[in-house]
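**Q** Attaching a predicted model along with its sequence, questions to come.
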Amino acid sequence: PPRSGSSMDPGAAFLRRGAAPSMLLSAFQRARPSRADRGLFGGKQIGFGNNVSFSERKTRRTWKPNVQNKRLWSDAFDTMIQLRVSTSVLKTIDKHGGLDNYLVNTADVKIDSELGVRLKRMVIEQRRRIEAGEEPLQPPMSSDAYIEMQKAKRAQQ
């Protein structure tokens, strides 16, 4: 039999072409909950594995991120903002010295959230306006209000 990856093996043709089918690629991607875009999860994802009983029977299970609804103080907006936040992000917010510092000092890739990146841009803009003596922005809405706004946008389309 021909060796895997050799020119005679038809199963390895997509590897030689350098492009794997999209179905194959999607099978290896981590499960990322869409609700992660509506809160600050800090890249936490759903984990998969097995429960293993005493008899070593394996049953599939998932581990969901520990997400809490919290009201966090924003110094830039002088108000509380209600967000869905993972507990690991709460610890990181404490480490950075508040929500605004966490958002500004964390890379967009690590925030890993549509809402988080939008809040980051708003905090940066608010700080710029305060320094320049311009009219401040309105405080951002809670994550629940943001979800309702997104639903209304989709309904209009």
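**A** Perfect, thanks for sending it.
**Q** could you pull out the helices for this structure?
**A** Under the criterion DSSP state H, helices of the chain are mapped to 13-17, 22-27, 87-96, 99-105, 108-111, 114-132, 143-156.
**Q** which of the ones you listed is buried the deepest?
**A** Among the helices of the chain, the stretch with the highest mean neighbour count (mean count of other C-beta atoms under 10 Å) is helix 99-105, at a mean of 20. C-beta coordinates here come from the backbone N, C-alpha and C atoms, glycine included.
**Q** Figure out how far that helix is from the centre of its chain.
**A** In terms of C-alpha atoms, centre = their mean, to the nearest Å, the centre of helix 99-105 is found 16 Å from the chain centre.
**Q** Would you mind giving the helices of the chain as a markdown table with mean pLDDT and distance to residue 43 added?
**A** Formatted as a markdown table, the helices of the chain follow (pLDDT from 0 to 100; distance: least, C-beta to C-beta, whole Å):
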| stretch | mean pLDDT | distance to residue 43 |
| --- | --- | --- |
| helix 13-17 | 51 | 30 |
| helix 22-27 | 53 | 19 |
| helix 87-96 | 96 | 9 |
| helix 99-105 | 95 | 14 |
| helix 108-111 | 90 | 6 |
| helix 114-132 | 93 | 11 |
| helix 143-156 | 74 | 17 |
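**Q** Okay then, goodbye and thanks.
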